[in-house]
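Engineer: sequence plus the predicted model coming up.
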Number of protein chains: 2
Amino acid sequence: MPPLDEFARIRAWTQDRQPKETFELAGVSLGIGDDAAVVNGAPGMQWLLAVDTMVERVHFLEETMGDADVGYKALAANVSDIAAMGGVPKHALVSVSAPPAWNAERIGRLYDGLYACADKYGIAVIGGDTTSAPAHLVVSVTVIGTVESGRAIARSGAKPGQFVFLTGPTGLSAAGLHGMLAKSDAESDGRSKSNPKLNPVPSRLAQAHRRPSPSVKAGRLLLESGWGASLNDVSDGLASEAWELAEASGALLVLRESALPVSGELASYASEQGKRPLDWVLYGGEDYVLLGTADPRHEEALKARFREEGLPLFVVGEVEEGTPGVVLETPSGARKPLAKGGYNHFPEG
Amino acid sequence: MPPLDEFARIRAWTQDRQPKETFELAGVSLGIGDDAAVVNGAPGMQWLLAVDTMVERVHFLEETMGDADVGYKALAANVSDIAAMGGVPKHALVSVSAPPAWNAERIGRLYDGLYACADKYGIAVIGGDTTSAPAHLVVSVTVIGTVESGRAIARSGAKPGQFVFLTGPTGLSAAGLHGMLAKSDAESDGRSKSNPKLNPVPSRLAQAHRRPSPSVKAGRLLLESGWGASLNDVSDGLASEAWELAEASGALLVLRESALPVSGELASYASEQGKRPLDWVLYGGEDYVLLGTADPRHEEALKARFREEGLPLFVVGEVEEGTPGVVLETPSGARKPLAKGGYNHFPEG
């Protein structure tokens, strides 16, 4: 009888990784191990479901992401989608297809990172599929969350007169990636495939890229207060996400350049590199902060609530009537249309 | 402003593909298009969740599967996991990562097949992520189903004295694949990469491989009657799945060789090829029929219910006390231990 390596390994990667309480709180009646997981329904609640995929050499390189970071970020990106609806993330199902270069040890580290993120956000990992692949790693995660019935904050709720906010600065992840790739090019002759050296860059920028922090608390605050009118997470870059809000809502978003938050680390790094921070701020993706709109009569109260919780909130513009789109108002007061930008997976034909 | 090809294409592949009623029946409040889908809870029900992944060159070749078949089967394999718990499949989230060889037209065909399966089983496709990939296609599908609270049929319910059943013959998919690969080898000089010719093999065998029919009705009948004691779907081969049932239940499964169903098409094809049908029956995977156990006092009633519904049911063995495992009883009455077999994704180190 051949050893059942596959099942044994999947068990090693996933069994008894989380405390019983996580499963109880998430209403899990049966986790990984049968054909399907069993989860209790929740009266008065709706389920939120989202899927997100990370592909090696498209979304990450081994020169820029540790094995554990890949698992962490694959889950975090999904958690961000639940945050962007104002929901509470509860469960995750994970699919990993791994080429030979990803041996059992590396897949184990990927799961370590994924569980680190799951534990941080109280998420029960309830399903998984791990298969081989010929050439590159793909991690696909489905996250399930809950939200009070009828209260999910959609993209389409922006209305003229509302203000536009961000729950954190943008551009850090892209600048972090830029730093790692620049370093990596410089060292590319001595690069080791099996044990990559991760390149040192300003740690907050690298951390933003490798282990993003989705704004779950901010999303909950916006929903519970009833003050969040529209909401989107900044996965494809601020400009691209603002366009999505504008088009879904049928409104014009005005972003004020002088109000856009630029972190100190990003400003210094940009200056060092002779780059404009604004490009990263507008077009860098994968920051996973929230972009949204709210009624100005709640502005002061909302700022106070965020302050109480120790959460950042930046008012960065206004919603106006007009052809749906996004304009940037420069410090001089001039307005210029903002290109959608963002990463396009299918640019040709 | 660059054209947003990616979003436009994903919309083309997924928007307005299903009637409103499918979404209403599945309790979908918001489908594809925002950060997450929103689904209503269901009192008295539990949710079943499963994920399954198909990787090009591991799970399929373009010589053996049409583009639409890939989408159909990716969903069908997941539907089978819900069937194997006795549940009703309701929602699906799809992740596709596609290399350059899979252009928009081919991905469109993949989605056509996926929606054909979704429509057949009344499943609402509520989420998706489509990205590029460097080398090979990966489709990962998460399916969500419902089941009456506390009633899901697990693998662990097999008890000594019960009979073992199958809801259909096994081995057809593997024989179909064998036929297609044999043909493909013979023609490999003239093979076209971009427009593969699918090879003609006995149509029921090819169909079993390309468009499997998960046993949703049979699973529901087993749950609703209360007579299904344990249940598993035959995705990795009959021997492997019988081992899973035996180990999860802590019991010995005895399969009677003479009782194992062999379809006429499989028997003829095996004879033509000078092969033993039993090898395919026991070790061929991806049949997606159900293997389960039930109490003998329900045997006649269960057979009658299946007959009424026009569904096949084959009694193929018994559960006995003993070291957990699987034995095959030959027509002469001799018993031999059955190797687990099945496909192992990580056979080495």
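Structural biologist: Happy to help now that I have it. Computed from a prediction, not measured in an experiment: that's the story for all the values here.
Engineer: if I look at A:A77, how far off is A:D69?
Structural biologist: 12 Å (C-beta to C-beta, to the nearest Å). (Glycine included, C-beta is placed from N, CA and C.)
Engineer: can you list the weak-confidence ranges in the stretch 151-300 of chain A?
Structural biologist: Low-confidence segments of the stretch 151-300 of chain A (pLDDT under 70): A:184-200.
Engineer: what sits closest to A:W227 if chain neighbours are left out?
Structural biologist: For A:W227, ignoring the flanking residues on the chain, the nearest one in space by C-beta to C-beta, 6 or more residues apart in numbering or on different chains is A:H298 at 4.2 Å.
Engineer: wait, a helix at that neighbour?
Structural biologist: Yes: according to DSSP: H, G, I helix; E, B strand; the rest coil, A:H298 belongs to a helix.
Engineer: shouldn't it be in contact with A:L222?
Structural biologist: No: using C-beta atoms under 8 Å, A:H298 makes no contact with A:L222, being 9.9 Å away.
Engineer: these two: who's more crowded?
Structural biologist: Set side by side, A:H298 and A:L222 show more neighbours around A:L222, with 29 against 18, by other C-beta atoms under 10 Å in any protein chain shown.
Engineer: could I get the phi/psi values of that one?
Structural biologist: With angles defined as degrees, to the nearest 10, A:L222 sits at phi -70, psi -40.
Engineer: what separation do you get for the residue nearest to A:W227 and chain B?
Structural biologist: 22 Å (C-beta to the nearest C-beta, to the nearest Å).
Engineer: now do A:I126
Structural biologist: On the measure of C-beta to the nearest C-beta, A:I126 and chain B end up 6 Å apart.
Engineer: that residue is in what secondary structure piece?
Structural biologist: strand A:124-132 (DSSP states H and E).
Engineer: so, low pLDDT: which residues of the stretch 1-150 of chain A?
Structural biologist: A:1-13, A:33.
Engineer: strands of that one, start to end?
Structural biologist: Taking DSSP state E, counting those that start in this stretch as the test, the strands found in the stretch 1-150 of chain A are A:28-30, A:37-40, A:45-55, A:88-98, A:124-132, A:138-148.
Engineer: can I get these in a markdown table including mean neighbour count?
Structural biologist: Formatted as a markdown table, the strands of the stretch 1-150 of chain A follow (neighbours: other C-beta atoms under 10 Å in any protein chain shown):
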| stretch | mean neighbour count |
| --- | --- |
| strand A:28-30 | 21 |
| strand A:37-40 | 23 |
| strand A:45-55 | 25 |
| strand A:88-98 | 27 |
| strand A:124-132 | 25 |
| strand A:138-148 | 27 |
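Engineer: ok, which of those comes nearest B:V201?
Structural biologist: strand A:124-132 (25.1 Å; C-beta to C-beta).
Engineer: quick one: strands adjacent to the closest one?
Structural biologist: According to DSSP bridges, strand A:124-132 forms sheet pairs with strand A:88-98 (parallel).
Engineer: quick one: A:A133 from A:A182, how far?
Structural biologist: 29 Å.
Engineer: between those two, who's got more neighbours?
Structural biologist: A:A133 (25 against 13).
Engineer: quick one: the residue lying closest to that one once chain neighbours are set aside from B:N103, how far?
Structural biologist: Leaving aside its sequence neighbours, A:A133 sits nearest to A:S97 (C-beta to C-beta, 6+ apart; 4.0 Å). Distance, A:S97 to B:N103, using C-beta to C-beta: 21 Å.
Engineer: cool, A:H298 as well?
Structural biologist: From A:H298 over to B:N103 (counting by C-beta to C-beta), the distance is 48 Å.
Engineer: got it, and A:L172?
Structural biologist: 35 Å.
Engineer: comparing these two, which residue is more hemmed in?
Structural biologist: Using other C-beta under 10 Å, the more surrounded residue of A:L172 and B:N103 is A:L172, with 28 against 14.
Engineer: now that one: closest residue in space that isn't a chain neighbour?
Structural biologist: A:L172 sits nearest to A:A208 (C-beta to C-beta, 6+ apart), 3.6 Å away.
Engineer: dihedrals phi and psi, that neighbour?
Structural biologist: Torsion angles, degrees, to the nearest 10, at A:A208: phi -60, psi -40.
Engineer: now do the same contact list for it.
Structural biologist: A:172-173, A:176, A:287 (C-beta atoms under 8 Å, 6 or more residues apart in numbering or on different chains).
Engineer: among the residues you listed, which one lies nearest to chain B?
Structural biologist: The shortest gap between chain B and any of the contacts of A:A208 belongs to A:D287, at 14.3 Å (C-beta to the nearest C-beta).
Engineer: please enumerate the helices of chain A.
Structural biologist: Assigned by DSSP state H, chain A shows helices spanning A:5-14, A:20-25, A:67-83, A:104-120, A:172-186, A:203-210, A:216-225, A:238-249, A:264-273, A:277-283, A:299-308.
Engineer: start and end of stretch A:324-337, how far apart?
Structural biologist: Here the two ends of stretch A:324-337 are set 11 Å apart, with distance taken as C-alpha to C-alpha, to the nearest Å.
Engineer: which residues sit against it?
Structural biologist: Against stretch A:324-337 from outside (C-beta under 8 Å, 6+ apart): A:239, A:242-243, A:246-247, A:249-258, A:282, A:317, A:338, A:340, B:1.
Engineer: how does it look with 7 Å?
Structural biologist: Identification of contacts with stretch A:324-337 by C-beta atoms under 7 Å, 6 or more residues apart in numbering or on different chains yields A:239, A:242-243, A:246-247, A:250-258, A:338.
Engineer: quick check: buried residues in it?
Structural biologist: For stretch A:324-337, burial by neighbour count (16 or more other C-beta atoms under 10 Å in any protein chain shown) applies to A:325-329.
Engineer: distance from the chain centre to that stretch, please.
Structural biologist: Distance of stretch A:324-337 from the chain centroid (C-alpha atoms, centre = their mean, to the nearest Å) equals 27 Å.
Engineer: what is the rounded mean pLDDT of it?
Structural biologist: For stretch A:324-337, mean pLDDT is 95.
Engineer: wait, A:G179 touches A:L205, no?
Structural biologist: Yes: with contact defined as C-beta atoms under 7 Å, A:G179 and A:L205 form a contacting pair (6.1 Å).
Engineer: overlap in contacts of these two?
Structural biologist: Contacts common to A:G179 and A:L205, judged by C-beta under 7 Å, 6+ apart, are A:Y269.
Engineer: in contact with A:S97: list those residues for me.
Structural biologist: A:131-133, A:137-138, B:53, B:55, B:138.
Engineer: give me the beta-bridge partners of it?
Structural biologist: A:T131, A:V138.
Engineer: quick check: it vs B:S235, distance?
Structural biologist: In terms of C-beta to C-beta, A:S97 sits 16 Å off from B:S235.
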